[in-house]
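> Requesting a structural model of the entry that follows:
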Amino acid sequence: MGNITSEETKQGALTASQVTREQLHTAFKREAKEALTNIELISISHFLFGNIVGLNERISYDELLEKLGLKVLSTDDRGDLLYKFLKIVSSSPCFSNTIDLGDKSFSLYDVLILVSILNGKGLIRLGLNDEYLIHLIFIVLISSSSSSSSSSFRPGGLTQEGDNEANDKVDFIIENNRIKWGLLPIMQSFDKLENSGISRSNLHDFLNILLPLSVHQYNSESFTLNYTTQIHAIISTIYLTSSNTDDTIRFETFYTRYRNNYPHLFDPIKKLLYPLLYDSMGSSSDHAMDHIKDKGKRNIELNHKILNLPLLSQLSTILDVDSLNMAVNSKPLYQGSRDGYSINSIQSHTLNYRASTLLLISGKTVSEERHHGSSFFSKFPKFHPVMNSGLKSKEKLKFQIAVFLTDQWRVTNTKTFGSKDFKIVQLSPFQLVLDSSSTLRDDYAYFSNIGCGLGFGSKPPVKSKDIKNNSLRFNLGGVSLTIDNSLEMGNFRVEDMSTQSSTYATSCVDKQLFNDIWFTINEIEIYGLGNVQSLKDQKLAMEWEEREAERRRGIGNKDYQEGRALLELAGLVGGAQSGGSI
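The predicted structure follows:
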């Protein structure tokens, strides 16, 4: 490895060595550079400096923010936290070295390390994976409080004194002349930084960067918006078992809940430096095209009743924000306050839309007693006893839930529709993602226009044959979102699978998330997530339906008997058969 000298012991193809921390950092910088293509290196240099410069050329943090379109953070505490985060990451793999915060600048070498670590391709080329990046973010957040104002910074929690000296020796492993970064003890231990757990306050501060950053492409004023509701939902879920406000959470729990409920939470950090790679050279890669596609979409205002930019940022922690473009750039297919709260109205506005949709429901939690007089509640199965839920007795909490459907809406009075790709996502007061891969049975969804309402995760209710009784027998699944036919109230239930009568398909990790929530509905919105052609196809189909209805009405007005004879010849009516539905 060039100028690196060491004592070596060979074990098979592996060579174990010891080098100084300064030598290790130099080697990592070199590998980070080699992990990038020549065109990427040229793009980065041109983006930052306007031409090709030396690797030690520096750029101020404020100038970097301006080039990234984030100048607003120059005078914001969040900018200080982001700077400290980037400084720690750029010191890889020697995270515990004392960091000079005084000059507030980065060398081109520093930027190359950041691009390699934050960019998924760079991680792979370094022999690392996405879990390493998430673990690194977790470790960094333990150390990077925005409250420090000193000109130097040393991440806390070192287990030994003197580990940050440049001439200290660290273990070094080579295989076939390649450094095995994933096997280095300094990488595996994150340079002995304390891994005791991350605090609520640090996570809160970082979420206040991630959520605005995720929708910054839609509105350059995203950092001025209020994300309190969304941050509270995410933190409440992560710290669900905690009993006070100053506690910490271990990485294992954090990573499990991140993977299950916020799989795209850190996408904004991963994409932070995309402009360096793609703006200058006009690359045709998938990531480049996504970034270029988003350019020019600034200052879009979302004036919908439920979907606003803060909620969009929360949805982007579940799906890549690019997949929500149609919801941002078009009106809802259906909106209760605009189109009327009725099953028939939902049917007419979603009919013939043959693409994925997003259903949003917003309301308030209420106690079970509030529903005792309704037929919807009287026959509803009682929930199994639940430990640690705490939601059953709370009223007037903001309740929001989303359903992602990949199949088109259709009336299914006795059957179900949907596919295994659909998700039920509780957004408030907790964020909980439930999909068919882990928790939902193959019951999918039903949509009834005979008085049974709509539901997800359950089979359709059975309606009483006694018209006077007018009651329903519910067939709830382990996870079920059930909406009354009036669209005024609903129930969201996650069953305790520890009971013998559980109807879960498979096990669920977070037993603390089991709940049984009754809620009133304030608003319902349904968005199409297809492309522009999906809306055009729906419009053409609906126009055809209207013309066909007019034609049938016209036939009846001119000559009922002649019209009926034509319809009988067409097989549309006859005997006990009635006219076709529109």
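> so where is the stretch 51-200 of the chain shaky, pLDDT-wise?
Across the stretch 51-200 of the chain, the ranges flagged by pLDDT under 70 are 143-167, 194-195.
> what are the ranges of the strands in it?
For the stretch 51-200 of the chain, the strands defined by DSSP state E, counting those that start in this stretch cover 58-60, 99-100, 105-107, 152-153, 169-175, 178-179, 198-199.
> From the contact counts, what lies against the second one?
Contacts defined by 3 or more CB pairs under 8 Å, 6 or more residues apart in numbering; DSSP states H and E place strand 99-100 against helix 77-90, strand 152-153. No exception for glycine: its C-beta is placed from N, CA and C like everyone else's.
> Indicate which one of the ones you listed is closest to residue 409.
Taking CB to CB, helix 77-90 is the member of these nearest to residue 409, at 40.7 Å.
> Where is the longest strand in this structure?
strand 515-528 (DSSP state E).
> what is the rounded mean pLDDT of the helix or strand following it?
For strand 515-528, the following helix or strand on the C-terminal side (DSSP states H and E) is helix 532-558. For helix 532-558, the per-residue pLDDT values average out at 73.
> report the angle between the axes of helix 532-558 and strand 515-528?
If you take axes from the mean of the first three to the mean of the last three CA atoms, to 10 degrees, helix 532-558 sits at 80 degrees to strand 515-528.
> thinking in terms of the whole chain, how far from its middle is helix 532-558?
Between the mean C-alpha location of helix 532-558 and the chain-wide mean there is a distance of 38 Å, by CA atoms, centre = their mean, to the nearest Å.
> please begin residue numbering at 580 from this point
All set: I'll call the first residue 580, so the last point we hit is now helix 1111-1137.
> sorry, back to before: the strands of the stretch 630-779 of the chain into TSV, with extra columns for mean neighbour count and distance to residue 1005?
Listed next are these as TSV, based on neighbours: other CB atoms under 10 Å; distance: least, CB to CB, whole Å:
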stretch	mean neighbour count	distance to residue 1005
strand 637-639	16	43
strand 678-679	15	40
strand 684-686	18	40
strand 731-732	14	38
strand 748-754	18	45
strand 757-758	16	44
strand 777-778	20	23
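> Turn those strands into TSV, including distance to residue 1114.
Formatted as TSV, the entries for the strands of the stretch 630-779 of the chain read as follows, by distance: least, CB to CB, whole Å:
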stretch	distance to residue 1114
strand 637-639	44
strand 678-679	51
strand 684-686	45
strand 731-732	52
strand 748-754	54
strand 757-758	51
strand 777-778	43
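> quick one, domains of the chain?
Residue ranges for the structural domains of the chain, counted by automatic domain parsing, are given in the record as 588-848, 910-1107, 1111-1148.
> Figure out which of those domains is closest to residue 896.
Using CB to CB, the domains of the chain put domain 588-848 closest to residue 896, at 4.4 Å.
> Tally up the residues packed near residue 807, please.
Neighbourhood size, residue 807 [other CB atoms under 10 Å]: 11.
> Let me know the pLDDT of it.
Spelled out, the predicted local distance difference test score at residue 807 is 95.
> That one: what's it in contact with?
Contact partners of residue 807, counting by CB atoms under 8 Å, 6 or more residues apart in numbering, are absent.
> quick one on the thing from earlier: with respect to residue 901, which of the domains of the chain lies nearest?
domain 588-848 (9.1 Å).
> Tell me who's in contact with the closest residue to residue 1023 other than its chain neighbours.
Spatial nearest neighbour of residue 1023, excluding adjacent residues (CB to CB, 6 or more residues apart in numbering): residue 997 at 3.4 Å. Residues touching residue 997, when contacts are defined by CB under 8 Å, 6+ apart, comprise 984, 985, 986, 1023, 1024, 1035.
> which of the helices and strands packed on strand 678-679 is buried the deepest?
Per-residue neighbour counts averaged over each of those give the maximum for helix 656-669, namely a mean of 20 (mean count of other CB atoms under 10 Å).
> what mean pLDDT would you report for stretch 847-863?
Per-residue confidence for stretch 847-863 averages out to 72 on the pLDDT scale.
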